[in-house]
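>>> Output the structure for:
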Amino acid sequence: MTSTKHKKIKNSGSFRTASMAAVMSVLLVITMFAAGCEKPAEDSAGDYATASDLPASPAVSASAAASASASQPRDEFAAIPVHVEGEVEYRQAKLHYSDDMSYSLYVLDYFTYSAEEPGKDIVMSNYDGEYFVRIERLAPDINIDEFKNGLKKAYGEMGNVIERNPAELYFEEFRDAKFWLHVDVLNENGSVKTSLQYLMKEIGGNRYGFFFHMPAKEASEGLTPSMWAIVLTMK
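Numbering: from 1, shown residues only. Okay, here's the model as predicted:
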């Protein structure tokens, strides 16, 4: 393992999020909203997904995605950088492919990667399953403003929604995100109980949504940067 001094990560505690049950309620509200935002694609042979299950457009076939991945092979294992406590640590990770969603990424040993359903993958902490990031492939013709406003409306039921400027993100790779939403869910005493973060970004010509789900626990100090480390390897 190699360590080098690095600028202390900003917003290191900003990805603490709401309970699983609350998130499911939010996604249900978004689904109801999205039904009126998009027209179903005429060709439903493939699956795209959004946080709100917006109607799908034709997906890239698994064979085509596999071919694209094969054109740029990546090593099965790699040491990826994790920014923790002002330092960069290189930790072992394994390559995973999502053929139906046309990407690959490295997953750290203490996380589990799996496909939740067509168009939705999840990377979850083995230490605490409340720490996870959901990756969703969005329809290429999605109306970004309507989708973002739907998220704002749904998240607004849980806390104050703040639209932040992606250019302010610590990680340069995500500063070109289409939008970045942040919600803090508070305890009765006003302290942060959980936080939600949603970012929309284009990678490899495809649009993806990244939903960070983190409780306000001590483990966030290590698990939050680990989740970012995984997401940043996505190609």
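>>> drop to CA atoms for contacts and neighbour counts, all remaining ones
Noted.
>>> so after the helix or strand hosting residue 154, what's the next helix or strand?
Secondary-structure element containing residue 154, defined by DSSP states H and E: helix 144-155. Along the chain past helix 144-155, the next helix or strand (assigned with DSSP H and E) turns out to be strand 160-164.
>>> Can you point out the buried residues in that next one?
Buried residues in strand 160-164, counted by 16 or more other CA atoms under 10 Å: residue 161.
>>> and for that strand, what are the contacting residues?
Contacts with strand 160-164, where a contact means CA atoms under 8 Å, 6 or more residues apart in numbering, come from 152, 155, 179-185.
>>> can you tell me which two in those are farthest apart?
Greatest spacing in the contacts of strand 160-164, by CA to CA: 179 and 185 (20.0 Å).
>>> So for the two, which residue has more residues nearby?
When neighbours are counted by other CA atoms under 10 Å, residue 179 and residue 185 differ, and residue 185 comes out ahead with 25 against 20.
>>> Surely that one is in a helix?
No: Residue 185 sits outside any helix when classified using DSSP: H, G, I helix; E, B strand; the rest coil, being strand.
>>> In the sheet, which residues pair with it? Tell me.
In this structure, residue 185 bridges to residue 194 when assessed by DSSP bridges.
>>> Give me the distance between it and residue 194.
According to CA to CA, to the nearest Å, residue 185 stands 5 Å off from residue 194.
>>> Equivalent analysis for residue 206, please.
Distance, residue 206 to residue 194, by CA to CA: 30 Å.
>>> got it, and residue 128?
Applying CA to CA, one obtains 14 Å for the distance of residue 128 from residue 194.
>>> Between these two, which is the more surrounded one?
Ranked by neighbour count (other CA under 10 Å), residue 128 and residue 194 place residue 194 first, with 22 against 13.
>>> Touching, the more buried one and residue 212? I think so.
No: taking CA atoms under 8 Å as the contact criterion, residue 194 and residue 212 are not neighbours in contact, 10.9 Å apart.
>>> where do the helices sit along this structure?
Counting by DSSP state H, one finds helices in the chain at the ranges 20-34, 62-71, 144-155, 220-231.
>>> C-alpha coordinates for stretch 88-98, PDB please?
In PDB, the C-alpha atoms belonging to stretch 88-98 read as follows (Å, rounded to 0.1, in the frame of the first residue of the first chain):
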ATOM      1  CA  VAL A  88      -4.400   9.000  -0.500                       C
ATOM      2  CA  GLU A  89      -4.300   5.200   0.100                       C
ATOM      3  CA  TYR A  90      -4.200   2.600  -2.600                       C
ATOM      4  CA  ARG A  91      -6.400  -0.300  -1.900                       C
ATOM      5  CA  GLN A  92      -7.100  -3.600  -3.800                       C
ATOM      6  CA  ALA A  93     -10.200  -3.700  -6.000                       C
ATOM      7  CA  LYS A  94     -11.700  -6.100  -8.500                       C
ATOM      8  CA  LEU A  95     -13.100  -5.300 -11.900                       C
ATOM      9  CA  HIS A  96     -16.800  -5.800 -12.500                       C
ATOM     10  CA  TYR A  97     -18.700  -5.400 -15.800                       C
ATOM     11  CA  SER A  98     -22.300  -4.300 -16.300                       C
END
